[in-house]
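Engineer: no sequence for this one, just the structure:
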């Protein structure tokens, strides 16, 4: 497989895999703007030359938009291979590229979010185990921080603000960043549905690295709470949200 490094110089011409190709679409624009800002913090985005979901996105952990202490580690935002591109070893190829790059840059290891069971938008724990990753920390909602170290350096951990994964607000509260392009479309949808149904809903856009690094949730791309308790990181469309509301209000 041949790959392309998406950079600030070519991002307007490149398809970013997890959203539709039209640059004027709000999802694409939101993601590309976020990527462009993060390139200055060392973010690397590598994707297949073929159209489809086959890419890896990683950044030095000190600049990652999640609440972790991982000195001199690289953090993988997303490693995603799906559809017809799955099953050909591309995930391993992309991960190896990240490992080699991290070692060249003098990093002590790599870390990534996952969970005990496969969870939407998170790395598959079976794949991570196969690649030698181990769990180094776990938050109260079962979200785990996994790591692959290159030496005997201190292992990463969640910051204390995110360990309990509990907030002191009632109703629905959604924390999200612009890392996931789907948020630009679907967060306003849920806001509108909640308003129409008179459901208490608050969205918190984590729009800076600093706010994301001090959030009350280990997942910042999309974390939905209800009455203070974490519910899901699965991006809600109208149908999913209405089903969730029905289940929670039974």
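Structural biologist: Good, I have the coordinates. Worth saying up front: this structure is predicted, and the values here are computed from it rather than measured.

Engineer: Is residue 150 in contact with residue 109, as I believe?
Structural biologist: Yes. Distance between residue 150 and residue 109: 5.2 Å, which falls inside the contact criterion (C-beta atoms under 8 Å). Every residue, glycine included, has its C-beta placed from N, CA and C.

Engineer: any shared contact partners between those two?
Structural biologist: Any residue near both residue 150 and residue 109 by C-beta atoms under 8 Å, 6 or more residues apart in numbering counts here, and that gives residue 102.

Engineer: neighbour count winner among those two?
Structural biologist: Relative neighbour count places residue 109 above the other of residue 150 and residue 109, with 23 against 15, counting by other C-beta atoms under 10 Å.

Engineer: tell me the contacts of the nearest residue to the more buried one once chain neighbours are set aside?
Structural biologist: Spatial nearest neighbour of residue 109, chain neighbours left out: residue 149 (3.6 Å); criterion: C-beta to C-beta, 6 or more residues apart in numbering. Contacts of residue 149 were listed using C-beta under 8 Å, 6+ apart, and they are 108, 109, 155.

Engineer: out of those residues, which are inside strands?
Structural biologist: When strands are assigned by DSSP state E, the members of the contacts of residue 149 inside them are residue 109.

Engineer: Kindly reformat the contacts of residue 149 as a markdown table and extend each row with pLDDT and distance to residue 197.
Structural biologist: What follows is the contacts of residue 149, written out as a markdown table (pLDDT from 0 to 100; distance: C-beta to C-beta, whole Å):
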| residue | pLDDT | distance to residue 197 |
| --- | --- | --- |
| 108 | 97 | 49 |
| 109 | 97 | 46 |
| 155 | 95 | 44 |
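
Engineer: ok now stretch 50-67, how far from the chain's centre?
Structural biologist: Here the centre of stretch 50-67 is set off from its chain's centre by 8 Å, with C-alpha atoms, centre = their mean, to the nearest Å.

Engineer: Specify the beta-bridge partners of residue 157.
Structural biologist: Note on residue 157: beta-bridge partners by DSSP bridges are residue 69.

Engineer: From residue 111, how far out is it?
Structural biologist: Distance of residue 157 to residue 111, given as C-beta to C-beta, to the nearest Å: 10 Å.

Engineer: which residues are common contacts for those two?
Structural biologist: If you check residue 157 and residue 111 against C-beta under 8 Å, 6+ apart, the residues they both contact are 68, 70, 136, 145.

Engineer: and residue 76, helix, strand or coil?
Structural biologist: Secondary structure state of residue 76, per DSSP: H, G, I helix; E, B strand; the rest coil, is strand.

Engineer: list the contacts for it?
Structural biologist: By C-beta under 8 Å, 6+ apart, residue 76 lies in contact with 56, 57, 58, 98, 110, 111, 112, 123.

Engineer: just residue 95 next, same as before
Structural biologist: By C-beta under 8 Å, 6+ apart, the contact list for residue 95 reads 56, 79, 131.

Engineer: Perfect, I'm done here.
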